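J.: here you go, sequence then predicted model.
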Amino acid sequence: MNEVRALEPWVGAPGSAVDRVWYVSYGSNMRLARFLAYVRGGRAEGGALEHPGCRDPEPPRAWAALELRGRLYFATESRIWGGGRAFLEPPDEAGGGRTAPGDSGTGPGAGQADLDDGRPGLGAGRADLDDGRPGLGAGRIAARTGRVFARAYDVSREQFADVAAQEMYRAPGDGPGLETVLAGGERAVRCGPGRYETLLCLGALDGRPALTFTAPWRAAEVAPNPPSERYLAQLAGGLGETGAWSAAVIRVYLAAAAAV
């Protein structure tokens, strides 16, 4: 098995001093071919939308498998795959549910939201994962309440902003500014009311900030929606590409997260 990396604290730096970042994907972009549709443009295999791509189409220079603190859950309705979208709920102390004013950008689509207020989320169910390796809490993980499997890509700061813009239904170049989220520490910065319009700094890897995006709401504040099989196949494929978790662990992890 390949190594699963852990994040370190991010002490912060002036935004202009940060040239490259880690984009941390916990959803379908964990599959490299899928992520490259956001970078180079085009339609990913099995997807329903064309993506404009980043202004800089250079592929990621490196990637790493990660385990994040928090919870993976599925909600709203995906335009591309059908069924629920993946969201990361960070721990409370990492800024989950407490978003600071952000660098919202001015591009089209700002403020588009798919928020469904409804019944409580997935609750406190637990699933145990065991692949026989040390380092995963004696081989057992509470999939819904403990850790999130992810893949981080080494990209430029501009590329991350362009990927975020596309996820926010904005044009590349009209994405959010990153100055606030790069200011230091684990933080959430709300750039709009919609899904994927909250930026997260999760920490650092090899001295560079690890960033992602999620929804501004908590799992219990939105109606759960199970993902489609096509979407789950993208997540499973991406995790499998890393070689960091066995196929059995991936299946149990995703099944537990997708249960409603």
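T.: Noted; the coordinates are in hand. Numbering: from 1, shown residues only.
J.: only C-alpha atoms from now on, for both contacts and neighbour counts.
T.: OK.
J.: quick one: least confident helix or strand in this protein?
T.: Counting by mean pLDDT, DSSP states H and E, the weakest-scoring helix or strand in the chain turns out to be strand 100-101, with a mean of 45.
J.: C-terminal to the top helix by length along the chain, what's the next element?
T.: With DSSP state H setting the assignment, residue counts place helix 229-242 as the longest helix in the chain. Following helix 229-242 in sequence order, the next helix or strand is helix 247-258 (DSSP states H and E).
J.: what's the angle between that next one and helix 229-242?
T.: Angle of helix 247-258 versus helix 229-242, following axes from the mean of the first three to the mean of the last three CA atoms, to 10 degrees, is 140 degrees.
J.: buried ones in helix 247-258?
T.: Residues 249-250, 252-254, 256-258 are the ones in helix 247-258 that count as buried (16 or more other CA atoms under 10 Å).
J.: need the max-distance pair from those residues.
T.: Pairwise distances across those peak at 14.2 Å for 249 and 258 (criterion: CA to CA).
J.: residues near residue 62, how many?
T.: Counted with other CA atoms under 10 Å, residues neighbouring residue 62 total 10.
J.: quick one, what contacts it?
T.: 153-154 (CA atoms under 8 Å, 6 or more residues apart in numbering).
J.: ditto for residue 42
T.: 50-53.
J.: distance from the longest helix of the chain to the middle of the chain?
T.: Distance of helix 229-242 from the chain centroid (CA atoms, centre = their mean, to the nearest Å) equals 14 Å.
J.: output that helix in CSV with nothing but the alpha carbons.
T.: What follows is helix 229-242, C-alpha atoms only, in CSV (Å, rounded to 0.1, in the frame of the first residue of the first chain):
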residue,chain,number,x,y,z
GLU,A,229,-23.8,4.5,-8.6
ARG,A,230,-22.0,6.4,-11.4
TYR,A,231,-20.8,9.0,-8.9
LEU,A,232,-19.7,6.5,-6.4
ALA,A,233,-17.7,4.7,-9.1
GLN,A,234,-15.8,7.9,-9.7
LEU,A,235,-14.9,8.2,-6.0
ALA,A,236,-14.0,4.6,-5.7
GLY,A,237,-11.9,4.8,-8.8
GLY,A,238,-10.0,7.8,-7.6
LEU,A,239,-9.3,6.3,-4.2
GLY,A,240,-8.2,3.1,-5.9
GLU,A,241,-5.8,5.0,-8.1
THR,A,242,-3.8,6.1,-5.1
